[in-house]
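>>> Using only what follows, build the 3D model:
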Amino acid sequence: MTRAANPSDPRTAHPEHLGHVVFIAASAAMGGFLFGYDSSVINGAVEAIRDRYDIGSAALAQVIAIALIGCAIGAATAGRIADRIGRIRCMQIAAVLFMISAIGSALPFALYDLAFWRIIGGFAIGMASVIGPAYIAEVSPPAYRGRLGSFQQAAIVIGIATSQLVNWGILQSADGDQRGELLGVEAWQVMLGVMVVPAALYGLLSFVIPESPRYLISVGKRDRARAVLQEVEGEEGNLDARIVEIEEKLRREHKPTFKDLLGGRFWFLPIVWVGIGLSAFQQLVGINVAFYYSSTLWQSVGVDPTDSFFYSFTTSIINIVGTVVAMIFVDRIGRRPLALIGSVGMVIGLAMEAWAFSYDLVDGKLPETQGWVALIAAHWFVFFFAMSWGVVVWVFLGEMFPNRIRAAALGVAASAQWIANWAITATFPSLADWNLSATYVIYACFATLSIPFVLRFVKETKGKTLEEMG
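Below is the predicted model:
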């Protein structure tokens, strides 16, 4: 049943200055851009790092994946930090850490030094992965929250594509050599250092957007909270009633802690397990293999290095297209239907890749038919991920938890996501050396299991206010 527009109902309220609300959400999502950029930029440096430090697949995987340990720690602690000092201050801390990581990663003294700077960057990514969706959910009018919430994933995929494009441009400037000299250092170092620019922009934007009204009310800044609500929900609604509603919710609550998430039959509350499951499945389908190792993967089946960078970029473009599709439909058909459609599509794509990689190489390359199937299936898989799980998981995590545990639960769920991401990233090189086809079969199995998980445990959150979430 469609809910009729009612100016006093926050679920259907439309702000007078929607463009300003979009700007606020897009500025917060800049953390997502850095999340995607920092996560994927390493793709252009993998083979150069292997060559420079003369390391094998297992050691290389740990250097690539070690940032995810920082991500897990950052995600687990960001919620509590945000409740203590505010969402905006968290964004500013993350921006500084991104800049420090970019400079350090570009000028490492040794392999352990590079790993340390990647951990610092990972901590910033973890913070951004929690603060972005939580902040956007708290400042967005419910009628637009799904679309604005999807800005986080849109920014992530644009960050991924931008990093691939920048890497390709730098590689071209270095005559196709990842270790070629450029600006006094090797090309791969320039790739890692460029991130300082968007990190600085993120920091600057954090000074021009308002603090979350829910945080302002929690620290007694009622007048400022009212002004922010007027900015983002418009003047037609009953702002005083909205403030009272939020205050009453906060009054019945206390600052969320890890202990608040306990109490279920299996340690955590059931809703927390659902969040953890969504986060884990998002990563266990192997999506980040496409962004951390795609250049290496294509080169391993005989694709020219420059072409492999181009294919990585086209995959990122497909990622953006799929994300736009999700943004269009997430508030129209709902989160659950998109997740289910995406799961089915991913199963098909991953199964096609497993079939293609099951064939032996001929003169160092896949047979022509299998090569084309692998390329098409890779893009198919990324599209169905982007138009579903890539977006809806972040929207779900920003919406599904009751106010009293939202920040803490989102932190745990995001932390679980980074742990699953680490497991996939750290194991892929060794698994690929063992049996690339079987590796994709494993990812296809996880995509298949996500279907009954959504049907059984995940509830639709479309059209509900955050105060209705329990």
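>>> any idea how far Ile376 is from the residue of the chain most remote from its centre?
Largest separation from the mean C-alpha position in the chain: Asp363, at 38.1 Å (C-alpha atoms, centre = their mean). With distances taken as C-beta to C-beta, to the nearest Å, Asp363 is found 22 Å from Ile376. All C-beta spots, glycine's among them, are computed from the backbone N, C-alpha and C.
>>> ditto for Gly44
Counting by C-beta to C-beta - Gly44 and Ile376 are separated by 23 Å.
>>> Compare those two and say which one has the larger neighbour count.
Neighbours were counted for Gly44 and for Ile376 using other C-beta atoms under 10 Å; Gly44 has more, 24 against 14.
>>> Phi first, then psi, for that one.
Main-chain torsions, Gly44, degrees, to the nearest 10: phi -80, psi -10.
>>> Alpha carbons only: can I get the helix or strand harbouring Ile348 in PDB?
If you go by DSSP states H and E, Ile348 is part of helix 335-357. Below are the C-alpha coordinates for helix 335-357, written out as PDB (Å, rounded to 0.1, in the frame of the first residue of the first chain):
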ATOM      1  CA  ARG A 335      16.100  -3.900  -0.500                       C
ATOM      2  CA  ARG A 336      15.300  -7.600  -0.300                       C
ATOM      3  CA  PRO A 337      14.200  -8.100  -3.900                       C
ATOM      4  CA  LEU A 338      17.400  -6.400  -5.200                       C
ATOM      5  CA  ALA A 339      19.500  -8.700  -3.000                       C
ATOM      6  CA  LEU A 340      17.800 -11.800  -4.300                       C
ATOM      7  CA  ILE A 341      18.000 -10.800  -7.900                       C
ATOM      8  CA  GLY A 342      21.700 -10.000  -7.400                       C
ATOM      9  CA  SER A 343      22.400 -13.300  -5.700                       C
ATOM     10  CA  VAL A 344      21.000 -15.300  -8.600                       C
ATOM     11  CA  GLY A 345      23.000 -13.200 -11.100                       C
ATOM     12  CA  MET A 346      26.200 -13.600  -9.100                       C
ATOM     13  CA  VAL A 347      25.800 -17.400  -9.000                       C
ATOM     14  CA  ILE A 348      25.500 -17.500 -12.800                       C
ATOM     15  CA  GLY A 349      28.500 -15.300 -13.300                       C
ATOM     16  CA  LEU A 350      30.700 -17.100 -10.900                       C
ATOM     17  CA  ALA A 351      29.800 -20.500 -12.300                       C
ATOM     18  CA  MET A 352      30.600 -19.200 -15.800                       C
ATOM     19  CA  GLU A 353      34.100 -18.000 -14.600                       C
ATOM     20  CA  ALA A 354      34.700 -21.400 -12.900                       C
ATOM     21  CA  TRP A 355      33.900 -23.200 -16.100                       C
ATOM     22  CA  ALA A 356      36.200 -20.900 -18.200                       C
ATOM     23  CA  PHE A 357      39.100 -21.200 -15.800                       C
END
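>>> Show me which residues of it are buried.
By 16 or more other C-beta atoms under 10 Å, the buried positions in helix 335-357 come out as 335-340, 342-343, 345-347, 349-357.
>>> Give me the buried positions along the helix or strand encompassing Ile136.
Using DSSP H and E, Ile136 maps to helix 111-139. Residues of helix 111-139 classed as buried: 111, 114-139 (neighbour count, 16+ other C-beta under 10 Å).
>>> Toward the C-terminus from it, list the very next helix or strand.
Counting by DSSP H and E, the element after helix 111-139 in chain order, helix or strand, is helix 145-149.
>>> Who are the packing partners of that next one?
Applying 3 or more C-beta pairs under 8 Å, 6 or more residues apart in numbering; DSSP states H and E, we find helix 145-149 packed against helix 18-28, helix 111-139, helix 389-399.
>>> if we can go back for a sec, which elements pack onto the helix holding Ile348?
Where contact means 3+ C-beta pairs under 8 Å, 6+ apart, helix 335-357 is packed against helix 368-386, helix 389-399, helix 406-457.
>>> Those helices: which one's closest to Gln152?
Closest of those to Gln152 is helix 389-399, at 4.9 Å (criterion: C-beta to C-beta).
>>> Specify the angle between the closest one and helix 111-139 in degrees.
60 degrees (axes from the mean of the first three to the mean of the last three C-alpha atoms, to 10 degrees).
>>> How far off centre is helix 389-399?
Centre-to-centre, helix 389-399 and its host chain are 9 Å apart (C-alpha atoms, centre = their mean, to the nearest Å).
>>> rewinding a little: so which of the helices and strands packed on helix 145-149 is nearest Thr427?
When those are ranked by distance to Thr427, counting by C-beta to C-beta, first place goes to helix 111-139 at 17.6 Å.
>>> Averaged pLDDT, the closest one. What do you get?
Rounded to a whole number, the mean pLDDT of helix 111-139 is 89.
>>> In space, what's closest to Val395 - neighbours in sequence excluded?
The shortest distance from Val395 to any non-neighbouring residue, by C-beta to C-beta, 6 or more residues apart in numbering, is to Gly149 (4.3 Å).
>>> just for this protein, where's the confidence low?
1-17, 235-237, 253-260, 263-266, 296, 299-306, 463-470 (pLDDT under 70).
>>> mind checking how far Ser163 is from Cys71?
According to C-beta to C-beta, Ser163 and Cys71 sit 16 Å apart.
>>> what's the answer for Ala143, then?
Noted for Ala143: a distance of 32 Å to Cys71, by C-beta to C-beta.
>>> Looking only at neighbour counts, state which of those two leads.
Cys71 (31 against 21).
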